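Visitor: please work out how this folds:
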Amino acid sequence: MSPNFLRQAYIEGSLTPWRLATSATGARSASCNIRTICSSVNLARFITAPQVRGAIVSKSPWSENPRTGQTYYQILGVLEDAEEIIIRAAFRSLIQKYHPDKWVGDKNYANEKTIQLNRAYKTLSDPKEREEYDKTIGKDIYKNDIETEISDAITEAWEKAIKFYPELTQISAELSQISSSLQLTFKIAVTEKRQFEDSQSLANALKEKYLRRYFGTNKDVQTFALFLLKERNQSAAKELNKVVAILGDDATSERIISRVCDEYGIKNFILPFGKVTQDAVIAAREFTNLKISLWNTELRMQAAVKLVTALGVRVEIGFWHDTFELNGKLLKFGGLGLVKYCEDVAKKITIADERKTNH
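Guide: The predicted structure follows:
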């Protein structure tokens, strides 16, 4: 086959990268001739790079859609570890949306979308091709969150579901703050698997898997990652992903978080709470201004509860202890333990706020 034919076939999506190589090399091993083929068909240069957390850092010529810059997963709007049932459902619904007989807009645009969808599904629906493709995009490398398309079919099924399970709306909204692909994957999973009764557990599992893939298993780092994602600070999230990939999960979380915060000028985050709101800053000042004495013990307790509540933490005051819920965990403080704990928290918030003001 001529280089021009191969190049055009690849761009149009009728040849996947692996089939591109095998078509040009015949009986020879495709994997050994990818560099040669890329050169002969005048595609972007393929540069091999060391692997980090099992993913190739550099991009191959076929790692993204050559026209939109999207990966195949982003074209379908699903996560990179999406199950086959999710990929199939996303493809089926979108291909129906852009069918020439149904699309009322520009036919050329619909044809372009159809080509992209077919190319993506052809690769991701084949286990071997998907495995080879995943090696080229770096599955553990965090990529910019791109607004996903939702087909009419998925929207219709979702609208019917939330009539009977209204809690799905809040769960979906929380996932959208992290990733639009995460949100869409959840919607498809719920409707396709009919996990309406156990939707919260499904959402938690998807979120946990997402955070582990891109930011490791350290809970403090995951809390920081959630903060960055919800703040739409994708540049810092990318940097955090790279640092974790290099240093691993055993590195000191404080060192990692402090470095990223300094580099990106982040002043409104403290462990273990996450984002520091203005209400929390005010509550910290009120708590700090209360003098320590036997006469204002009750006032300091009230100020402590106000402080952690402003940080999004649930507190229950008991006769023998105070129950303190943070990131799904229940901690108990006896006596004035919560007050002592908040002394350190208020100090951290005050320092962070002063740095923010000076900056």
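Visitor: rest of the way, CA atoms for contacts and neighbours
Guide: OK.
Visitor: then stretch 172-190 to PDB, C-alphas only?
Guide: Extracted as PDB, the C-alpha positions of stretch 172-190 are listed here (Å, rounded to 0.1, in the frame of the first residue of the first chain):
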ATOM      1  CA  SER A 172     -24.300  13.000  39.800                       C
ATOM      2  CA  ALA A 173     -23.700  16.700  40.600                       C
ATOM      3  CA  GLU A 174     -20.900  15.800  43.100                       C
ATOM      4  CA  LEU A 175     -19.200  13.600  40.500                       C
ATOM      5  CA  SER A 176     -19.400  16.300  37.900                       C
ATOM      6  CA  GLN A 177     -17.200  18.500  40.100                       C
ATOM      7  CA  ILE A 178     -14.500  16.000  39.800                       C
ATOM      8  CA  SER A 179     -14.800  14.900  36.100                       C
ATOM      9  CA  SER A 180     -17.500  15.100  33.500                       C
ATOM     10  CA  SER A 181     -16.400  11.700  32.200                       C
ATOM     11  CA  LEU A 182     -16.800  10.300  35.700                       C
ATOM     12  CA  GLN A 183     -20.300  11.700  35.900                       C
ATOM     13  CA  LEU A 184     -21.300  10.300  32.500                       C
ATOM     14  CA  THR A 185     -19.800   6.900  33.300                       C
ATOM     15  CA  PHE A 186     -21.900   6.900  36.500                       C
ATOM     16  CA  LYS A 187     -25.000   7.800  34.600                       C
ATOM     17  CA  ILE A 188     -24.500   5.000  32.100                       C
ATOM     18  CA  ALA A 189     -23.500   2.500  34.700                       C
ATOM     19  CA  VAL A 190     -26.600   3.200  36.800                       C
END
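Visitor: which residues touch that stretch?
Guide: Applying Cα atoms under 8 Å, 6 or more residues apart in numbering, the external contacts of stretch 172-190 come out as 74, 77-79, 82, 86, 89-90, 145-148, 150, 154, 158, 195-196, 199, 202-203, 206-207, 210, 226, 229-230.
Visitor: give me the domain ranges for the protein.
Guide: Listed domain ranges for the chain are 1-46, 50-214, 216-265, 276-358 (source: automatic domain parsing).
Visitor: residue 349 against residue 267, yeah?
Guide: No: between residue 349 and residue 267 there is no contact under Cα atoms under 8 Å: 9.5 Å.
Visitor: these two: who's more crowded?
Guide: Between residue 349 and residue 267, counted using other Cα atoms under 10 Å, residue 349 has the larger neighbour count: 24 against 19.
Visitor: sec struct for that one, please.
Guide: helix (DSSP: H, G, I helix; E, B strand; the rest coil).
Visitor: name the nearest residue to it, ignoring sequence neighbours.
Guide: residue 281 (6.4 Å; Cα to Cα, 6 or more residues apart in numbering).
Visitor: name the next helix or strand downstream of the host helix or strand of the one you found, please.
Guide: Using DSSP states H and E, residue 281 maps to helix 278-289. Using DSSP H and E, the helix or strand that follows helix 278-289 towards the C-terminus is helix 297-310.
Visitor: mind giving me the packing neighbours of that next one?
Guide: Here helix 297-310 touches helix 278-289, strand 314-317, helix 337-358, going by 3 or more Cα pairs under 8 Å, 6 or more residues apart in numbering; DSSP states H and E.
Visitor: now, of the contacts of stretch 172-190, which are buried?
Guide: Applying 16 or more other Cα atoms under 10 Å to the contacts of stretch 172-190, the neighbour count classes 74, 77-79, 82, 86, 89-90, 148, 150, 154, 158, 196, 199, 202-203, 206-207, 210, 226, 229-230 as buried.
Visitor: fine by me, thanks again.
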